[in-house]
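**Student:** Sharing a sequence plus its predicted fold:
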Amino acid sequence: MSKLDWGVLVGTIAFIVIYGVWKTRHTRNMQGFLKADNTERWWMMGLSIMATQASAITFLSTPGQAFDDGMRFIQFYFGLPLAMVVLSITAIPIYYRLKVYTAYEYLESRFDLKTRSLAAFLFLLQRGLSTGITIYAPAIILSAILGWNLTATILFIGVVVIFYTVVGGTKAVSQTQRLQMTVMLGGMLVAAVVVVRLLPEGVGFSEALVVAGKMGKLNLVDLNFNPNDRYNVWSGLIGGFFLSLSYFGTDQSQVGRYLGGETIAQSRLGLLMNGLVKVPMQFLILLVGVLVFVFYQFHQPPLYFNQQQADKVRNSDAAPTWQKYEATAQEAFTEKREAALALVKAHQSQDAPGVAEAARRAQLAETARKSIRAEAQALVKAKNNGIDLKDTDYVFLTFVTQQLPRGLVGLLLAVVLCAAMGSTASAFSSLASTTVVDVYKRSLNKTASDQHYVNASRWFTIGWGTVSIFFALFASQLENLIQAVNILGSLFYGTILGVFVAAFYFKRLTGNPVFWAAVLTQGIIFLLYYATPIAYLWYNLIGCVLVVVLAYLLQPLLRKAATE
Amino acid sequence: MKKGDIDPPPFFKTWTGMYWLVLGVLAGLIVLFYLITEAYR
């Protein structure tokens, strides 16, 4: 990395951290530390909500996913705007009326303490584990590019975020996220423009789309209903709706963002801004991945994008096999490049049969290349004691470091680091606030001073930061990172959402049956995960419906048992 | 509750209009994405 890239990277990160700490250095009370004194404007909350969801994984895994699987992942976000509308109508007015610090506080006033504690516990478990992955993701980038020790990198990122979150609480999280989101959006826009400019002469944006489309990468919408297929319109609209409802309505890392709003109107606008901007933003990130795919139709890509792992195989007894794979991949690339150029030429001369023939050749070459990549991946897996190490998370990073001009490499790395810091800070802040408000203050130490709880929040931020860092050290054994986070979320979100849906909409249900229904549902979801091939997005719907149905079934039984 | 809690959203007289805007944009995007998928298939 050049000095200019280092300057851009260090300058951006240092400025954001110093700005956040400086602006929030006087935070002294609970209202300020956990709810930013209720001074946030809608656009700040909107950016903060988006920055919380957009982790480094979003900027690493998503372009890689588009490179490998096309743009169909966009359908995952179709349910999000619907959820924003529903939450604006229902959840926000309730949270404001009760003046809660966390979403789980509401459950005690509606049901009982044990239901509140169960929901808070499930959140802490899920968020505590997944935050580890959000720290690990950028750490692998830095260790892969700069050759840094992975453990030291994880520690560095975790400690910086702990530092400014401890100093300024929710206010610091929000102040820094505003700048981080600006860097992220700007960086990805620049990346999209630069990828197109790096394409060969005569291949512009429209030609790139034709090549991507004929190679099956512009598969944005799939109307077929298949519950075992992860991404189609129906799983996105229904499963994605329930996941978003749960994530934005009951996950404290998001609820904490809009509870800091000046008024209900400001909080609503913040959520609706997310509903308007999120899908186009994901489209842009996926499009960058597809454009990188098109770039590699004309430039030789590495056989395996994780160079550390590739070098490991090259330096082992499997080196001759690897060289054979590389030679075969080179042949497939040469054929594909010729076919792609023929495709562009035929498209420009409006030669439909020529387009069809060139597309067929390119697809055949792509199939051959995919097959050799699968064999290379199997070899890497064999050399890693059977651990499946997908290289799609390295695609965008490899492109950035090898192809982008000086200065832009630093900017794109800053994008990834900003994303990591923004989402991690929200997670630390929400983990600390839930622990203090729903556990410590509620059940362990009810009568301490405001200053005591602020100090406790700071200590719990450090504590959860340490747990997340510890978990990050073991995250390398997970498959695709973004899917790992989403699967982890979906395992718990359905149950938590079911509890909140029962609280919001089913007035006849009481605490005891909802509590036991939630416990049973969580067990059933684990069973489904291990025993069935059902796509994970459906767990949100299944979990939510199960809690309500089981609660209704249990209510008369528990009432009867209590009277006997 | 502060006075601003019942403020209408910008550009619309009621919140219903704002909600329809969000849903309308989503519907428009899905249709656009469908057309892109079919056009480049």
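**Tutor:** Yep, that arrived.

**Student:** from here on, contacts and neighbour counts on C-alpha atoms
**Tutor:** OK.

**Student:** can you pull the contacts of the residue lying closest to A:Ile238 once chain neighbours are set aside?
**Tutor:** Closest residue in space to A:Ile238, ignoring its immediate chain neighbours: A:Gly79 at 6.3 Å, by CA to CA, 6 or more residues apart in numbering or on different chains. Neighbouring residues of A:Gly79 by CA atoms under 8 Å, 6 or more residues apart in numbering or on different chains: A:236-242, A:244.

**Student:** which non-adjacent residue is nearest A:Glu335?
**Tutor:** Per CA to CA, 6+ apart, closest to A:Glu335 is A:Ala365, 6.3 Å.

**Student:** tell me the SS of that neighbour?
**Tutor:** With DSSP: H, G, I helix; E, B strand; the rest coil as the basis, the three-state label of A:Ala365 is helix.

**Student:** Check the one 3 residues further on too.
**Tutor:** Under the three-state scheme (three-state DSSP), A:Ala368 adopts helix.

**Student:** didn't it look like it was pressed against A:Ala332?
**Tutor:** Yes. Counting by CA atoms under 8 Å, A:Ala368 does reach A:Ala332; the two are 6.4 Å apart.

**Student:** distance of A:Trp148 from chain B?
**Tutor:** 41 Å (CA to the nearest CA, to the nearest Å).

**Student:** That residue touches A:Leu142, doesn't it?
**Tutor:** Yes. At 6.6 Å, A:Trp148 counts as touching A:Leu142 under the criterion of CA under 8 Å.

**Student:** ok, those two, which is more surrounded?
**Tutor:** More crowded of A:Trp148 and A:Leu142, by other CA atoms under 10 Å in any protein chain shown: A:Leu142, with 18 against 14.

**Student:** Contact partners for A:Val499?
**Tutor:** Here A:Val499 is in contact with A:119, A:514-515, A:518, A:544, A:547-548 (criterion: CA under 8 Å, 6+ apart).

**Student:** Does the helix or strand that A:Gln65 is a member of reach chain B?
**Tutor:** In this structure, A:Gln65 sits in helix A:56-69 according to DSSP states H and E. No. With CA under 8 Å from any CA of the partner chain as the criterion, chain B is not reached by helix A:56-69; the gap is at least 13.9 Å.

**Student:** From the contact counts, what lies against that helix?
**Tutor:** helix A:113-146, helix A:264-298, helix A:395-403, helix A:408-434, helix A:481-505 (3 or more CA pairs under 8 Å, 6 or more residues apart in numbering or on different chains; DSSP states H and E).

**Student:** export that helix as CSV, just CAs?
**Tutor:** C-alpha atoms of helix A:56-69 as CSV (Å, rounded to 0.1, in the frame of the first residue of the first chain):
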residue,chain,number,x,y,z
ALA,A,56,-18.0,-4.3,6.9
ILE,A,57,-19.5,-7.6,5.9
THR,A,58,-21.9,-5.7,3.7
PHE,A,59,-19.0,-4.2,1.8
LEU,A,60,-16.9,-7.4,1.6
SER,A,61,-19.3,-10.2,1.2
THR,A,62,-22.1,-8.5,-0.9
PRO,A,63,-19.9,-7.7,-3.9
GLY,A,64,-18.4,-11.2,-3.6
GLN,A,65,-21.9,-12.7,-3.5
ALA,A,66,-22.9,-10.7,-6.7
PHE,A,67,-19.6,-11.9,-8.4
ASP,A,68,-20.5,-15.5,-7.6
ASP,A,69,-24.2,-15.7,-7.5
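
**Student:** Measure how that helix sits relative to helix A:264-298, angle-wise.
**Tutor:** 40 degrees (axes from the mean of the first three to the mean of the last three CA atoms, to 10 degrees).

**Student:** what distance separates helix A:56-69 from the middle of the whole chain?
**Tutor:** 10 Å (CA atoms, centre = their mean, to the nearest Å).

**Student:** Report the mean per-residue pLDDT for it.
**Tutor:** Mean pLDDT, computed over helix A:56-69, is 86.

**Student:** same deal with stretch A:161-173?
**Tutor:** 87.

**Student:** these two touch, right, A:Phe33 and A:Thr24?
**Tutor:** No. Counting by CA under 8 Å, A:Phe33 stays clear of A:Thr24, with 9.2 Å between them.

**Student:** Report all helices and strands that the helix or strand hosting A:Ala358 contacts.
**Tutor:** Element membership for A:Ala358, per DSSP H and E: helix A:352-383. Contacts defined by 3+ CA pairs under 8 Å, 6+ apart place helix A:352-383 against helix A:205-214, helix A:307-314, helix A:319-348.

**Student:** how distant is it from the center of its chain?
**Tutor:** That offset, for helix A:352-383, works out to 29 Å (CA atoms, centre = their mean).

**Student:** which regions of chain B lie under the pLDDT threshold?
**Tutor:** B:1-6 (pLDDT under 70).

**Student:** Could you pull out the helices in it for me?
**Tutor:** B:15-40 (DSSP state H).

**Student:** which residue is nearest the middle of it?
**Tutor:** Centre of chain B computed as the mean C-alpha position; nearest residue by CA atoms, centre = their mean is B:Val22, 1.4 Å away.

**Student:** which residue sits closest to that residue in space, ignoring its chain neighbours?
**Tutor:** Closest to B:Val22 by CA to CA, 6+ apart is A:Leu276, at 5.8 Å.

**Student:** what's the spacing between whatever residue of the stretch 101-250 of chain A ends up closest to chain B and A:Lys312?
**Tutor:** Using CA to the nearest CA, the single residue of the stretch 101-250 of chain A nearest to chain B is A:Gly213, 4.6 Å away. The gap separating A:Gly213 from A:Lys312 is 35 Å, by CA to CA, to the nearest Å.

**Student:** higher neighbour count, those two?
**Tutor:** A:Gly213 (21 against 14).

**Student:** Quick check: that one touching B:Tyr40?
**Tutor:** Yes. A:Gly213 is in contact with B:Tyr40 according to CA under 8 Å; the separation is 4.6 Å.

**Student:** sorry, back to before: contact partners for the residue nearest to B:Val22?
**Tutor:** Counting by CA under 8 Å, 6+ apart, the residues that A:Leu276 touches are A:81, B:22, B:25-26.

**Student:** Need the pLDDT of it.
**Tutor:** pLDDT at A:Leu276 comes out at 95.

**Student:** Same question for A:Val255.
**Tutor:** pLDDT, read off for A:Val255, is 90.

**Student:** What helix or strand is it located in?
**Tutor:** helix A:252-258.

**Student:** residue contacts, the closest residue in space to A:Asp222 that isn't next to it in sequence?
**Tutor:** Using CA to CA, 6+ apart and skipping residues adjacent in sequence, the residue nearest A:Asp222 is A:Asn232, 5.0 Å away. By CA under 8 Å, 6+ apart, the residues touching A:Asn232 are A:72, A:75-76, A:221-226.

**Student:** before we move on, back to that, can you give me the neighbour number for the residue nearest to A:Glu335?
**Tutor:** 21.

**Student:** Could you double-check that it lies in contact with A:Glu338?
**Tutor:** No. In this structure, A:Ala365 is not within contact of A:Glu338 by CA under 8 Å, at 10.1 Å.
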